[in-house]
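> structure for the following, please:
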Amino acid sequence: MMASRVRKAVLPVAGLGTRFLPVTKAVPKEMLPICDRPGIELIVAEAVEAGLTELILVVARGKEAIVDYFHRSPALEAHLEATGKLELAREVRRVGELATVMTMRQEEALGLGHAVRTAAAAVGDDDFAVLLGDDVIDAAQPAIGQLLDVHAERGGCVVALMPVPPDQTNRYGVIGGERVGERLTHIAVMVEKPPPAEAPSNLSIVGRYVLPGRIMRILAQTKPGRGGEIQLTDALAVLAAEGQAWGLEFEGERFDTGNVLGLLRANLHYALKRPELADGVRALLQEFEGR
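Okay, here's the model as predicted:
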């Protein structure tokens, strides 16, 4: 059965960013820079490149800077143009025109499943994608686009998979199932943060999903799970039990920007890809080597 074309994406960006305190008292973690762009811009650009045209940001109080970033700023653009900074003016305008963005407010931090459910009114009955702001993925084909291709062929839900060391399964949602392609698994079970001895595999779910619209109804019936939160993995397990869940080991490099070292690693990776920065970064690395 061919699935309908997916146009909507939910971006849960309501997290407190406690691993970056004290800076996140005032600056949303998603606005912390990777080189000269906030991390969230890379996520939005991935969604747009994959053909997702309606983006829904699930935000919390104090995250207004994220919303403002993706809106036009005519006064700033006019000032830059008047002072001859035409390239900067074009860049500021480009960000404001990158995507059509709407926002939904998550009033309480009750887990990823709750955050996704917060967007139910905007999603309606449509199938939709979910992209987590802590997971930046550099790939020739957008990672979410790779999942959308599987969804178009097979329907159901599709999650991004990444192998992890067996002793780290307690940090992730983990799947078990039957491999049906080079990188594709038909998922039978999903477990949230299992101890290594109980993990069904070492394939973990990372922050990209394509979900059927009816997941919202399943989430509405999902009880709080690990940590007292409504876990998206618990809702997806219902689809897995029905044979409607697939996992794809995506092609690309993933960066966990939800912690300080992961953000630094992402900065180095993207800086080294830019010709105007690469030589300077290599010189800095040599300067600090052995300290």
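
> can you give me the strands for the stretch 1-150 of the chain?
For the stretch 1-150 of the chain, strands defined by DSSP state E, counting those that start in this stretch occupy the ranges 8-12, 33-34, 37-38, 54-59, 100-105, 128-131, 135-138.

> in terms of mean pLDDT, which of those ranks lowest?
Note on those: lowest mean pLDDT is at strand 100-105, with a mean of 86.

> how near is the residue nearest the centre of the chain to residue 43?
The chain has residue 132 as the residue nearest its centroid, 2.2 Å off, counting by CA atoms, centre = their mean. The gap separating residue 132 from residue 43 is 8 Å, by CB to CB, to the nearest Å. C-beta: built from backbone N, CA, C; applies to glycine.

> list residues touching both of these two?
Here residue 132 and residue 43 have residue 11 as joint contacts, going by CB atoms under 8 Å, 6 or more residues apart in numbering.

> elements contacting the worst-scoring helix or strand of the chain on mean pLDDT?
When the helices and strands of the chain are scored by mean pLDDT, DSSP states H and E, helix 86-96 comes last with a mean of 79. Where contact means 3 or more CB pairs under 8 Å, 6 or more residues apart in numbering; DSSP states H and E, helix 86-96 is packed against helix 74-82.

> name the helices or strands packed onto the helix it packs on?
helix 86-96.

> okay, and the beta partners of the closest residue in space to residue 129 that isn't next to it in sequence?
Nearest non-adjacent residue to residue 129, counting by CB to CB, 6 or more residues apart in numbering: residue 9, 4.3 Å away. Using DSSP bridges, the beta-bridge partners of residue 9 come out as residue 55, residue 129.

> please name the residues that touch residue 9.
Contacts of residue 9 by CB under 8 Å, 6+ apart are 47, 52, 54-56, 128-131, 144.

> where's the closest residue in space to residue 114 that isn't next to it in sequence relative to residue 224, distance?
Using CB to CB, 6+ apart and skipping the chain neighbours, the partner closest in space to residue 114 is residue 230 (4.3 Å). According to CB to CB, residue 230 stands 6 Å off from residue 224.

> contacting residues for the residue nearest to the centre of the chain?
Counting by CB under 8 Å, 6+ apart, residue 132 has contacts 11-12, 43, 112, 206-208.

> in TSV: the residues you listed, plus neighbour count and distance to residue 93.
Shown next, in TSV, are these (neighbours: other CB atoms under 10 Å; distance: CB to CB, whole Å):
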residue	neighbour count	distance to residue 93
11	26	22
12	27	27
43	26	20
112	25	33
206	21	33
207	23	29
208	30	29
